[in-house]
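Peer 1: Sequence first, predicted coordinates after that:
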Amino acid sequence: MNLLIKSFCQSRRYLQSLFLYKKLLSISKPEISTFSSILKSCSSLPSLDSGLVNHGYLIKCGVLDCCVDVGNDLVLMYLKLGEFRDAHKVFDEMPMRSNKDVFDHMIHDLGSNHAYNDVVIAFENMVEFSIFPNVHSLCHVIKACSNLNSIQKGNFVHDFIKQNGFENHLLIMNSLISMYAKMRRLDLAEKVFNNMIHKDIVSWNSLITGYSQNQNSPKVFDLFKSLKLAKNPIPNVVTFLALLSSVREVTIGTTIHSHLITIGLYSNLQLGTAIFNMYAKCERLDYVLIVFEQINKTLVSWNTLISAYKQKGYAQEAVDIYEHMLMEPDMKPDSFSFANVLPAYASLGNLKRIKSIQSMIIKQGVNIDQDVVLCTSILDAYGKCSDVKAAEFLFLFHCIQKPNTASWNAMISVYNSNNKIKNSMVVFQEMICSKVLMDCITMVTIFQSCGQMGLLKEGDMIHKFSLVKGFCSYLIVGNALIDMYMRCGSIKSAEICFDLMSLRNIVTWNTMIYGYMKGGCFSMGVRFFHHMQLEYKPDSVTIISLLQGNLGSFLEMFHGYILKLGLDFETQIVNILIDSYAKIGNVEKAQELFERNDFMRDQTSWNIMIAAYGMNGQGIESCKLFTKMHENGYKPDTITFTSLLSACSHSGLIEEGCKFFDLMVTKYKIQPSMEHLTCIIDMLGRANSLKEAYDLMKNMNYPKPVLGALLSACRTNMNMEVGELVGRKLLEMESDSFEYHSLLSNLYSLNDKWDEVVEIRRVFGNGKVVKKLGLSSLNS
C-alpha cells in the first residue's frame, strides 16, 4: 500500500493518494518515505486541513525528531501553501537542519512573497549552521536588505559574500550595486562597481540608474561617457531610460532623441514614453505634442499631456485635451486625470464641469476619503470658483472622515481665497483640538490668514505656538511670518524675525522689500534692495516688489535699471510698468510700452491699458482699445469689463457703458459682480439716471451693497423718488442697519421731509438700531 501511495503521488493523483493513506492509517503505521509523498499531495491539491492533520500525526509519532527529510518536506509544504509563519516555526523546532535545499526553497518563497525580514532571519540561520546558500538565494537576501532599507543587514551580507568567495559572481555583485543605490549609499555602490573585474550592461545600468533615481544628473552622463569609451558592453533600453529621466536641459534631450532614432531604438514603446515624459518635464509643449502623436497612447501619456499644459498655465488647452481623451474608445479617466484637470477647470471658472467631474468620480467608485490628492484638488477647485458651501460639504462628509493634514490645509486655503478668515481660524483651532498633525504648509497658510485680515494679535499667538512646535526653524515658515507681520503693519516685528533667521533666501529679501514698499517705507525698501545685492542677484519678483511702492519721479530711473538687468522682456514686469506710469499720469509712456511690447502682450496687458486710459479720463480710448483687443483674438474677462465700465463712468460715456454691460451679460455670459454693478450705479448716478439704475437692480435681485451705493447716489442727487424706494427696500432687508437709516434720514432732511426724519430718529431713540462697532479680532 505504501508503494501504491507513492505511485499515485508521482502520477499527480493526489486525492487518491490521500484516500489510500487514510485507509493505511487504520491498518498499520506508514513507512517514513510515505509521509513525504503525503505532504507533497497536501501542498499540491492544495489542502491545508489535510496538512495540519498530518503535521499533528508526525508530532504524535515522533517522526520529526528522528527524520530531517520529513521535517524538510513539512517546511516545504507550508511554504507552498503560503503559511510562512508555520514553515518558519517548524524549521526553528527541527533538531537537525542540514538540508541546504530547504533553506534555499524557504528564502526563495519568502522573498517572492515579500516577507523580507523572514528572508534575512533564514539567511542568518544558514550562516549559523555553516550552510552556504546558492547564488539565487543570496540575490533574494540582498534584495530583502534593500527593501528593508537596512544598511547594517546589507553590510552583514556583503561581508559574508567577501569572506566566502562570491565576489566573482556577476549576478550577486550587480544585486549589491542596486542595493546600495536604493539605500542612497552611492559611494558604496560605486566602490563595488570599481572592484568588479568583469562588468556587463546590467552592472553599468545598476549604477547609472542609481544615480538617476537620486537626481545626480552630472554623474549619470559621466558614467554614460565612460560606458561609450569602454565600447563594450553596448548601452541598451534600460541605459537610455535612465539617461532620459536625468535630462534637465532640452538640448541634451533632443541629442539623445536623435541618437535613438539613428540606432533604431526610437520605436521602442518604453523609450517613446520616456522621450515624451522628458519633453513634458522640460516644458517643451511643441515637442511633447509631436511625440504624443507618434507613441502608443495610454492613460498615463494622456495624463502627462494634460499635466504639462496645466503646469504651463494653458488651462483651456488642458481641458480640451481631457475632453478629447474622453472621446477615445476604452479610455477611462482615473484619479490622476481628475486631479490634473480640476485645477484647469477652476482657472476657467467652470463650476458646472467641476461638479459633474465630482459626480463622475463617485459613479466610478473612487473612494475620495482615501485619495488625499484628489480630495484636495476638488477642494481647491471649489475654492477658486468661490463655491465655499460645496467645499465645506466635501470637507465635512469626505476629508474629515479620515483626517489628513493636506485636506485641512486645503480647507483653510479655500476660506483664505474667499476672504472668510474667521472660518480659517476656526478650522485651525479645530486642528489643534482634534490633534490633527500639522506641517509647515499649515503654518504658512494660517499666517496668510492673519496677514490677509491684519489680525496682529492672533498672528502673535500663532507665532508663539509655532515656536513651541519647532516650525519657525523652517525657512518657508520664517518667510510667511515676515509677510504676515508686514501685512499687519508691524514692520518692527518683521525686522526682528528677519534678524533672527539663521537661513535666508531671495524670497526672504523680496518679502521684506515688498512689505516696505507696500507700507510706504520707500527709503527702507531701497536700502534693503542694495543690501540684498551683496548676496543675491535681483530677480523678477524683486523688481515687482519694488514697483509696489509709489516711485513717482524715480520711476523712469528705476525703469532704466530694469533695462540694465535685462528683465524688461518679462510680461509681468512690463505690465506693472504700464500700470505704474498710468498711476502717475504718464499715459503716453504707458502707451509706448504697451505698443512696443506687442509680442509679449497677454490678457492682463490689455486689461491694464484699458484701465490706464480710464483712470486718466480717456474713456473713448479705452473703448477703442477694447475693440482692438477683440480684433487681436483676446476674449474679454470679468476684469476687462470692470476696467471698461469704470472708464465709461469716469468719462461720462453712459450709452457706451450700458452697451458694454449688456454685451458682457448677453454675449460673454459673465455674471455681473459687485464691482460691475457698482460701476454701473456710479455711471448712472453721475448722469442722474437713477430710475434706470433702480430698474436694473430689480433684475439683479437687489444686491445689498449696490443698493447702498445707489441710495448714496440718490442723496447726492437729492432724488427723493428713487431714494425712498431704495431706502425702504434696504430696511426690509436689514432693518437694524444704522448706516442705511442714516442715509435715508439725510435724504429726507435734504428734501425737507421732517416728519420722516423724526420717525427715523424715534426708531434710533428706541434702541432698535445700534451702531455696529468694527471687530478687531475673532474673539471681539
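Peer 2: Noted; the coordinates are in hand.
Peer 1: Send me stretch 254-267 as PDB with only the CA atoms.
Peer 2: What follows is stretch 254-267 as a C-alpha-only set of coordinates in PDB (Å, rounded to 0.1, in the frame of the first residue of the first chain):
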ATOM      1  CA  THR A 254      17.000  66.300 -28.300                       C
ATOM      2  CA  THR A 255      20.500  64.900 -28.700                       C
ATOM      3  CA  ILE A 256      19.500  61.600 -27.000                       C
ATOM      4  CA  HIS A 257      16.300  61.600 -29.000                       C
ATOM      5  CA  SER A 258      18.300  62.000 -32.300                       C
ATOM      6  CA  HIS A 259      20.700  59.300 -31.300                       C
ATOM      7  CA  LEU A 260      17.900  56.800 -30.500                       C
ATOM      8  CA  ILE A 261      16.400  57.400 -34.000                       C
ATOM      9  CA  THR A 262      19.900  56.800 -35.500                       C
ATOM     10  CA  ILE A 263      20.500  53.500 -33.700                       C
ATOM     11  CA  GLY A 264      16.900  52.300 -34.300                       C
ATOM     12  CA  LEU A 265      15.700  52.200 -30.700                       C
ATOM     13  CA  TYR A 266      13.100  55.100 -31.100                       C
ATOM     14  CA  SER A 267      10.300  52.600 -32.000                       C
END
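Peer 1: So which bits of it are buried?
Peer 2: 254, 256-257, 260, 265-266 (16 or more other Cβ atoms under 10 Å). Heads up, the C-betas are built off the backbone N, CA and C, glycines and all.
Peer 1: for stretch 278-291, same thing?
Peer 2: Those would be 278-282, 284-285, 287-289, 291, for stretch 278-291 by 16+ other Cβ under 10 Å.
Peer 1: still on that earlier bit, arrange the buried residues of stretch 254-267 in TSV, one row each, with pLDDT and distance to Lys89 as further columns.
Peer 2: As requested, those are exported to TSV (pLDDT from 0 to 100; distance: Cβ to Cβ, whole Å):
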residue	pLDDT	distance to Lys89
Thr254	91	59
Ile256	92	53
His257	92	56
Leu260	91	53
Leu265	88	51
Tyr266	84	54
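Peer 1: Just give me the closest of these to Asn419.
Peer 2: Looking at the buried residues of stretch 254-267 and their distance to Asn419, the nearest is Thr254, at 46.9 Å (Cβ to Cβ).
Peer 1: Report the central residue of the chain.
Peer 2: Computing the C-alpha centroid of the chain and ranking residues by Cα atoms, centre = their mean puts Val373 first, at 7.0 Å.
Peer 1: excluding its backbone neighbours, what's nearest it?
Peer 2: Ala339 (5.2 Å; Cβ to Cβ, 6 or more residues apart in numbering).
Peer 1: same question, Asp439
Peer 2: Thr405 (5.2 Å).
Peer 1: Can you tell me how far that neighbour is from Ala391?
Peer 2: 17 Å (Cβ to Cβ, to the nearest Å).
Peer 1: quick one, which of those two is more surrounded?
Peer 2: Ala391 (26 against 15; other Cβ atoms under 10 Å).
Peer 1: if I look at that one, how far off is Glu430?
Peer 2: Applying Cβ to Cβ to Ala391 and Glu430 gives a distance of 15 Å.
Peer 1: Could you do Gln364 as well?
Peer 2: From Gln364 to Glu430 the distance is 31 Å (Cβ to Cβ).
Peer 1: domain parsing for the chain?
Peer 2: 199-296, 298-366, 702-780 (automatic domain parsing).
Peer 1: Give me the mean pLDDT for the last one.
Peer 2: In this model, domain 702-780 has an average pLDDT of 56.
Peer 1: wouldn't Val237 be in contact with Ser267 here?
Peer 2: No - look at Val237 against Ser267 with Cβ atoms under 8 Å: they stay out of range, at 11.1 Å.
Peer 1: quick one: the helices in the stretch 151-300 of the chain?
Peer 2: 151-163, 170-182, 186-195, 201-213, 217-230, 237-245, 250-262, 269-281, 285-294, 299-311 (DSSP state H, counting those that start in this stretch).
Peer 1: Flag the shaky bits of the stretch 551-700 of the chain, pLDDT-wise.
Peer 2: 687-700 (pLDDT under 70).
Peer 1: what about the residue nearest to Val373, distance to Asn367?
Peer 2: Distance from Ala339 to Asn367, by Cβ to Cβ: 14 Å.
Peer 1: Look at those two and report which has more neighbours.
Peer 2: Between Ala339 and Asn367, Ala339 has the larger neighbour count (other Cβ under 10 Å), namely 22 against 14.
Peer 1: ok, then the element right after the host helix or strand of the more buried one?
Peer 2: Using DSSP states H and E, Ala339 maps to helix 335-347. Using DSSP H and E, the next helix or strand after helix 335-347 towards the C-terminus is helix 351-363.
Peer 1: Turn the helices of the stretch 151-300 of the chain into a markdown table, including distance to Asn479.
Peer 2: Formatted as a markdown table, the helices of the stretch 151-300 of the chain follow (distance: least, Cβ to Cβ, whole Å):
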| stretch | distance to Asn479 |
| --- | --- |
| helix 151-163 | 35 |
| helix 170-182 | 34 |
| helix 186-195 | 32 |
| helix 201-213 | 30 |
| helix 217-230 | 28 |
| helix 237-245 | 31 |
| helix 250-262 | 31 |
| helix 269-281 | 27 |
| helix 285-294 | 31 |
| helix 299-311 | 23 |
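Peer 1: And the helix or strand hosting Gly560, what's buried?
Peer 2: For Gly560, the host element (DSSP H and E) is helix 555-565. By 16+ other Cβ under 10 Å, the buried positions in helix 555-565 come out as 555, 558-559, 562.
Peer 1: Likewise for stretch 437-453?
Peer 2: Result for stretch 437-453 [16+ other Cβ under 10 Å]: buried residues 438, 440-453.
Peer 1: Would you point out the most distant pair within those?
Peer 2: Among those, Cys440 and Met453 lie farthest apart (Cβ to Cβ), at 21.4 Å.
Peer 1: what about stretch 356-376, how long is it end to end?
Peer 2: 17 Å (Cα to Cα, to the nearest Å).
Peer 1: Listing request: residues of the stretch 51-200 of the chain with sub-threshold pLDDT.
Peer 2: For the stretch 51-200 of the chain (pLDDT under 70), the answer is 51-52, 54-60, 62-74, 79-80, 84, 87-88, 91-103, 109, 113, 129.
Peer 1: Report the separation between Phe343 and Ala181.
Peer 2: Just so we're on the same page, residue 343 is Pro rather than Phe. Distance from Pro343 to Ala181, by Cβ to Cβ: 35 Å.
Peer 1: If you count surrounding residues, which of these two has more?
Peer 2: Neighbours per residue (other Cβ under 10 Å) separate Pro343 from Ala181, with Ala181 holding more: 25 against 19.
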